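Chemist: Could you look at this predicted model? Sequence included:
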Amino acid sequence: MSSQMVSVPASRTINYLRVSITDRCNLRCCYCMPEDGVPVMPHKEILSYEEMLRLIGVFVTAGIRKVRITGGEPLVRKEVVDLLARLHRMPGLEEVTLTTNGVLLNEFAADLKKSGVSRLNISLDSLKRERFAQITRRDRFEEVVAGIQLAERLGFDPIKINVVMMRGVNDDEIGDFFRVAKERPYQVRFIEYMPVGADNSWDPAQFISSKEIYEEISQFGRLEPLTPGLLDGPARCYRVVDGAGQIGFISALSDHFCERCNRLRLTADGQLRTCLFSDAEVSLKTPLRQGRSDEELLALIREAIRNKPEGHGLQRVRPEACMRQMSRIGG
Ligand code: SAM
Ligand code: SF4
């Protein structure tokens, strides 16, 4: 197989794959899942680790250099550390990262470090225990904070803290999160609240743009723009001047970053999605289980990359654009 990079259309290099390894989760974040959760996929529909590893190997041939393991909550799936260790050893893959809600991080951090993973994204939408419990509908704040602290002691670098900002919910904590980035060596990333999921109760009144957050932060301290690395996603990142950490903005709605989008997504049931906001999916599970060759799978992946939308158009429509819950796509 040739290992040529696939580019679409002019300058977008697709080198980043997010892999959701489970649709199950131990939290019920209000912006991601209904209170009662979502019907879980039967185990036989979910790709085995062997199947995932084979597909990821083909993605590497198609030009993927960075894989992020996500979910649902990836740490609830058994043997996840073994999967990460095998990915870490996969030739051609330069970066293996994990996004977690942090609830089980205290338990897993040491083994994760041993597996070779050194880069972590941890979601934390409030620095207040009660508010955290309201947003996530579970009282697990202290476990998450202990997990983040342990990750820092163990030397994970970078540690990125994902914060979904919602007006009237947690926007009074922008200054507190800025102080975290000033005092600790973390990258605090503000994610715009996105309209994703069939029964998502997305409310435009709760939406806050990155620009507004940036302006509020400017009252607390100075930010200096950082140049993105080749494998970085569409986040815009800044160093906190005279601080230990960084601030990032992921502006999926306000900043039409499609032309910089370098990512693909593989769902836990083996569907390839080329845009978070489009329900167009290409099944890789079916041909995989039908015994197709790596070359045939590669051709399907290349075709999907060629068809990756140039833009999602979310600014123009009131979007129930994406019917799968975030927990099923992986963010
Ligand atoms: N369970 C893990 C976690 O929460 O970090 C990984 C999966 S989660 C779907 C990945 C990311 O998507 C999280 O940072 C979460 O905050 C974000 N997310 C989920 N729903 C969202 C929404 N409606 N708008 C913006 N971000 C969202
Ligand atoms: Fe679970 Fe992550 Fe969705 Fe929260 S955002 S419900 S932690 S999958």
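Modeler: It's in. Numbering: from 1, shown residues only. Ligands and ions are numbered 1, 2, ... in the order given.
Chemist: Now name the helix or strand holding Phe177.
Modeler: Under the criterion of DSSP states H and E, Phe177 resides in helix 174-183.
Chemist: Could you check stretch 26-35 and say which residues are buried?
Modeler: For stretch 26-35, burial by neighbour count (16 or more other Cβ atoms under 10 Å) applies to Asn26, Leu27, Arg28, Cys29, Cys30, Tyr31, Cys32, Met33. Where you see a C-beta, it was placed from the backbone N, CA and C, and this is true even at glycine.
Chemist: one step back: I'd like to know which elements the helix holding Phe177 is packed against.
Modeler: Judged by 3 or more Cβ pairs under 8 Å, 6 or more residues apart in numbering; DSSP states H and E, the packing partners of helix 174-183 are strand 159-165, strand 186-192, helix 210-217, strand 236-240, strand 246-250.
Chemist: Between those, which one is closest to ligand 1.
Modeler: Smallest distance to ligand 1 across those (Cβ to the nearest ligand atom): 3.6 Å, for strand 159-165.
Chemist: Next, the angle strand 246-250 makes with the closest one.
Modeler: Here the directions of strand 159-165 and strand 246-250 differ by 50 degrees (axes from the mean of the first three to the mean of the last three Cα atoms, to 10 degrees).
Chemist: Neighbouring strands - and their directions - for strand 159-165?
Modeler: Strand 159-165 pairs in its sheet with strand 119-123 (parallel), strand 186-192 (parallel), by DSSP bridges.
Chemist: Any residue of it touching ligand 2?
Modeler: No: legend: contact between strand 159-165 and ligand 2 by Cβ under 6 Å from any ligand atom is lacking; minimum distance shown is 7.9 Å.
Chemist: and that strand, C-alpha only, in CSV?
Modeler: Taking Å, rounded to 0.1, in the frame of the first residue of the first chain, the C-alpha atoms of strand 159-165 are listed here in CSV:
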residue,chain,number,x,y,z
ILE,A,159,-3.0,18.5,30.2
LYS,A,160,-5.9,20.2,28.4
ILE,A,161,-9.1,21.1,30.3
ASN,A,162,-12.2,21.2,28.1
VAL,A,163,-14.8,23.7,29.3
VAL,A,164,-18.2,24.0,27.5
MET,A,165,-19.3,27.6,28.3
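Chemist: which parts of the stretch 101-250 of the chain sit against ligand 2?
Modeler: When proximity is defined as Cβ under 6 Å from any ligand atom, the stretch 101-250 of the chain approaches ligand 2 at Asn101, Ser123.
Chemist: again, 8 Å this time
Modeler: Applying Cβ under 8 Å from any ligand atom, we find that the stretch 101-250 of the chain lies next to ligand 2 at Asn101, Val103, Ser123, Thr136, Val164.
Chemist: from the residues you listed, which two are the most distant?
Modeler: Spanning the widest gap among those are Val103 and Val164, at 16.4 Å by Cβ to Cβ.
Chemist: which intervals of the stretch 101-250 of the chain have sub-threshold pLDDT?
Modeler: Along the stretch 101-250 of the chain, the parts satisfying pLDDT under 70 run over 197-200.
Chemist: which residues sit in contact with the residue lying closest to Arg129 once chain neighbours are set aside?
Modeler: The shortest distance from Arg129 to any non-neighbouring residue, by Cβ to Cβ, 6 or more residues apart in numbering, is to Phe141 (4.2 Å). When contacts are counted by Cβ atoms under 8 Å, 6 or more residues apart in numbering, Phe141 touches Ser126, Lys128, Arg129, Phe132, Ala133.
Chemist: which phi and psi does the third one have?
Modeler: Recorded main-chain torsions at Arg129 are phi -60, psi -50, according to degrees, to the nearest 10.
Chemist: Once you drop chain neighbours, what's closest to the one residue in the stretch 151-300 of the chain that gets nearest to ligand 2?
Modeler: Nearest residue of the stretch 151-300 of the chain to ligand 2, counting by Cβ to the nearest ligand atom: Val164, 7.9 Å away. Nearest residue to Val164 in three dimensions, chain neighbours excluded: Ile191, at 4.9 Å (Cβ to Cβ, 6+ apart).
Chemist: Surely Thr70 touches Ser20?
Modeler: Yes: taking Cβ atoms under 8 Å as the definition, Thr70 is a contact partner of Ser20 at 5.4 Å.
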